[in-house]
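Undergrad: This is the structure alone, sequence omitted:
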Ligand SMILES: [Zn+2]
């Protein structure tokens, strides 16, 4: 169960990064809200409520990719170390939640998983 959540989160981040890249997130430029429209760099779409336009622009693929990379770093810091909770084994300066005596999965991993509460692949036990 312990690595099931890590694998699940990694798969979600992979999916989201793939989608962002397919929206030309690696070089198109910044999405910008302009009143009722959003400038998507290669095209401009109007008809949004201005708040919705701001929300859409906030999900600029380049920004989404930066956020995904930040989440991957958090995930890596909280993955279980090879020590597996045994203080006698080498520990690679990872925030090993079991080693630290914290519950596994820790609150940080549960927070990373919380947006996917209704995902069909979400592990049931954690
Ligand atoms: Zn942790």
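TA: Arrived safely, thanks for sending. Since we're looking at a predicted model, the values are computed, not measured.

Undergrad: a helix runs through residue 52, doesn't it?
TA: Yes. Counting by DSSP: H, G, I helix; E, B strand; the rest coil, residue 52 is found in a helix.

Undergrad: Roughly how far does it sit from residue 105?
TA: 34 Å (CB to CB, to the nearest Å). Where C-beta positions appear, they are placed from N, C-alpha and C, glycine not excepted.

Undergrad: more crowded one of these two?
TA: residue 105 (24 against 13; other CB atoms under 10 Å).

Undergrad: Kindly indicate whether the more buried one is helix, strand or coil.
TA: coil.

Undergrad: Now do residue 87, the pLDDT please.
TA: Looking at residue 87, its pLDDT stands at 57.

Undergrad: ditto for residue 14
TA: So residue 14 comes in at 98 (pLDDT).

Undergrad: Run a quick neighbour tally on it.
TA: Look at residue 14: counted by other CB under 10 Å, it has 12 neighbours.

Undergrad: C-terminal to whichever helix or strand it is part of, what's the next element?
TA: Taking DSSP states H and E as the definition, residue 14 sits inside helix 2-22. Moving toward the C-terminus from helix 2-22, the next helix or strand (DSSP H and E) is strand 32-34.

Undergrad: what's the burial count for residue 61?
TA: 24.

Undergrad: That one reaches residue 28, doesn't it?
TA: Yes. Residue 61 lies in contact with residue 28 (CB atoms under 8 Å); the separation is 7.1 Å.

Undergrad: Going along the chain from the least confident helix or strand in the chain by mean pLDDT, find the next helix or strand for me.
TA: When each helix and strand of the chain is scored by mean pLDDT, DSSP states H and E, helix 97-100 comes last, with a mean of 62. Where DSSP H and E defines the elements, the next helix or strand beyond helix 97-100 is helix 107-113.

Undergrad: what pLDDT, on average, does that next one get?
TA: Taken as a whole, helix 107-113 has a mean pLDDT of 91.

Undergrad: which strands and helices sit next to it?
TA: Packed against helix 107-113 by the contact rule (3 or more CB pairs under 8 Å, 6 or more residues apart in numbering; DSSP states H and E) you find helix 2-22, helix 61-78.
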